[in-house]
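just to be clear, the model below is a prediction. Sequence and coordinates:
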Amino acid sequence: MRRCNLEPQRHPSIGMLMELDMKMSRSQNRAVSAALFAAYTAALCAMLAGCNVGPKYVPPAMTAPSAYKESPGQFKESEGWKVAEPQDATLRGKWWEIYNEPDLNALEEQLNIDNQNIREAFENFMEARALVREARSQLFPTLSVGPSYTRSQNSSNVSLGGGGSSGSAGGGSASGQQTQVFSLPGEVSWEPDLWGKVRNTIHSSQFSAQVSAADLANERLTEQASLAEYFFEIRGQDALQTILDAAVDADKRSLDAEQGRYDTGVDDQISLVEAQTNLASAQSAAINNKIARAQFEHAIALLIGKPASEFSVPVVAKTTEPPPIPVGLPSQLLERRPDVAAAERTMASANAQIGVAYAAYYPALTISGSGGAESSAIGKLLAAASRFWSVGPSLSETIYDGGLRRATVNQYIATYNADLAAYRQSVLTAFQQVEDAMAEVRILSDQIRRQQEAVDHSATYVKLEQTRYDTGIDPYIDLVLAQNTSYSSQEGLANLQIQQMSASVALIEALGGGWDKTQLPTPAQVTEKPTRAETTIQH
């Protein structure tokens, strides 16, 4: 579990320093000895800088299927919706443009700017980047200064000399004397990263920042997909409203006709009441349909960061067939899903934490020093005689901890294994979601064709029944049945078309939208300092 590169041959200056130290006389300045000691320490740290305990991270391998099971290309009898060709085609960044809906394009652009969930995920990413720089700061020494001024007076009733009684000088310093001290001290402390504890901490933070970046991409994709689904739901609700309003108009005409037949004695009151009931039911359904549209409209307002009271979507009754979607190859899916990338980076972070835990088994070296100037007179503060200094290393090693280190290592190993299982689960979920969405779009395509046939047949049914009713062959109840069948078929068709458009959006989301792993920032990029705009407090 330990990786350590010790290469003393790269540091021939160590021997030279030792030889020079042997030739030094005791009369030489102690400052030179301190400098040599610091050189020894620096050379030792440089020699041990290659040590890095802990397991080497190896990304897990996952085998992808050769083809998607639910792809229309796997079903020779399938007609209707097709995937885009060639098979290795991929979606672009602004994937929603594939639908050729200018209104949707404008809303998606607003979402990318004003969505607060995306903003929250972005700030979480900025926080993760800051944690990388916090971890990196541990590579460097800590310097501090603490200038001070103290003025004090001794008690006149305390002897400051040797053997005298209280209140007498006793041959010592005068009691009741006032003193002042000007001090300008400085301290430096550094713990060399001998065993890779800091480096592994940095790597863990960098990988966690990459996780946050992938989470940001996933949050953006989720919000974009939700907006597209709500948009097509509204278009579908407008189409449904057109059908329901047409049913109300037809029932009004039927009621007027039936009222005339009742007034002339051709039909009885039962037929008139039936017409009235049918109209009221159609009006109720038309009114109820407006609830869903209003709620989808409010949901879009929330997504683009606007109050629901100040936002509306124009009424456009429209249902369309989804465009061919570039599905690509199954082997590409793992590179296109931000959630899968996040799961893999989480594993890498956990692996680095194992190295941090292993470093606790090895001794810690701390090099500290202090120095500065101290004087009773401020004018002499910077004089050579006012200077003081001290320097020295300390080495600490835990002898017994009651199994704390072993338990900590086991904790992070278990965390890594759990993250590995979560990664494999996310891969399996990714393939499931693609297969689910592809099957739904494909099967709905076949169902819509059958439903369209039902709509055409029901229209013929109404036409024939209207003729029989007008000639008095069939009662009004038969015409009502034919009309209800026709409108029910039309509503079913519209609902299937809405469902298919939503499934196509879900398929694009399952494929990762227009994202791929190359958009994930590198460790160096997440370590960079942010711009001033990125660190500005929002109001």
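Nice, I can see it. Nothing here was measured: the structure is a model prediction, and the numbers come from that model.

which residues does A364 contact?
191, 194, 395-397 (CB atoms under 8 Å, 6 or more residues apart in numbering). Yep, even glycine has a C-beta here, placed from its N, CA and C like the rest.

let's see 6 Å
By CB atoms under 6 Å, 6 or more residues apart in numbering, A364 lies in contact with S396.

just N289 next, same as before
N289 neighbours (CB under 6 Å, 6+ apart): 240-241, 244.

now the residues you listed in a markdown table, with pLDDT and neighbour count?
Putting these into a markdown table (pLDDT from 0 to 100; neighbours: other CB atoms under 10 Å) gives the following:
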| residue | pLDDT | neighbour count |
| --- | --- | --- |
| L240 | 95 | 23 |
| Q241 | 95 | 18 |
| L244 | 95 | 23 |
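
out of those, which comes closest to P65?
Of all the contacts of N289, L240 has the smallest distance to P65: 38.4 Å, by CB to CB.

and the next helix or strand past the helix or strand containing that closest one?
Using DSSP states H and E, the element containing L240 is helix 197-263. Tracing the chain C-terminally past helix 197-263 and defining elements by DSSP H and E, one meets helix 269-303 next.

does L395 belong to a helix, a strand or coil?
Here L395 takes the strand state, with states given by DSSP: H, G, I helix; E, B strand; the rest coil.

pLDDT value on the residue nearest the centre of the chain, please?
In the chain, the centroid-proximal residue (CA atoms, centre = their mean) is D215; its distance is 1.7 Å. Note for D215: predicted pLDDT of 97.

G403 too?
95.

same thing with F75?
pLDDT at F75 comes out at 77.

ok, the closest residue to it other than its chain neighbours - how many residues close by?
Leaving aside its sequence neighbours, F75 sits nearest to R442 (CB to CB, 6 or more residues apart in numbering; 7.1 Å). Per other CB atoms under 10 Å, the neighbour tally for R442 reads 23.

which element is R442 on?
helix 404-470.

just how off-centre is that helix within its chain?
24 Å (CA atoms, centre = their mean, to the nearest Å).

helices or strands up against it?
With contacts taken as 3 or more CB pairs under 6 Å, 6 or more residues apart in numbering; DSSP states H and E, helix 404-470 sits against helix 338-359, helix 476-510.

hmm, which helix or strand of this protein has the shakiest average pLDDT?
Within the chain, no helix or strand scores below helix 13-22, which has a mean of 40 by mean pLDDT, DSSP states H and E.

how about N52, nearest residue that isn't a chain neighbour?
Nearest non-adjacent residue to N52 (CB to CB, 6+ apart): G196, at 3.3 Å.

swap in L382?
A373 (6.1 Å).

and the average pLDDT for the helix or strand harbouring that neighbour is what?
Following DSSP H and E, the helix or strand that holds A373 is strand 364-375. Mean pLDDT, taken over the full extent of strand 364-375, equals 91.

again, but for stretch 305-322
92.

could you list the buried residues of it?
Burial within stretch 305-322, assessed by neighbour count using 16 or more other CB atoms under 10 Å, is assigned to 305, 313, 319, 322.

need the contact list for T527.
T527 neighbours (CB under 6 Å, 6+ apart): V132.

again, only this time at 10 Å
Shown in contact with T527 (CB atoms under 10 Å, 6 or more residues apart in numbering): 129, 132-133, 135-136, 202, 205-206, 209, 521.

equivalent analysis for I113, please.
Contacts of I113 (CB under 10 Å, 6+ apart): 119, 304-305.

output the below-cut-off pLDDT ranges for the stretch 1-150 of the chain.
Low-confidence segments of the stretch 1-150 of the chain, defined by pLDDT under 70: 1-50, 76-79, 85-89.

which stretches in it count as helices?
Ranges of helices within the stretch 1-150 of the chain are 13-22, 30-48, 102-114, 116-136, based on DSSP state H, counting those that start in this stretch.

wait, which of the helices and strands packed on helix 404-470 is closest to D251?
The nearest among the helices and strands packed on helix 404-470, by CB to CB, is helix 476-510 at 7.6 Å.

off-centre distance for the following helix or strand past that closest one?
With elements assigned by DSSP H and E, the helix or strand that comes after helix 476-510 is helix 523-527. Relative to its chain's centre, helix 523-527 lies at 16 Å (CA atoms, centre = their mean).

list the buried ones in helix 523-527?
526-527.

cool, and stretch 259-271?
So for stretch 259-271, counting by 16+ other CB under 10 Å, buried means 261-262, 267, 271.

which of these sits closest to D470?
The closest of the buried residues of stretch 259-271, once distances to D470 are taken by CB to CB, is R261, at 10.2 Å.
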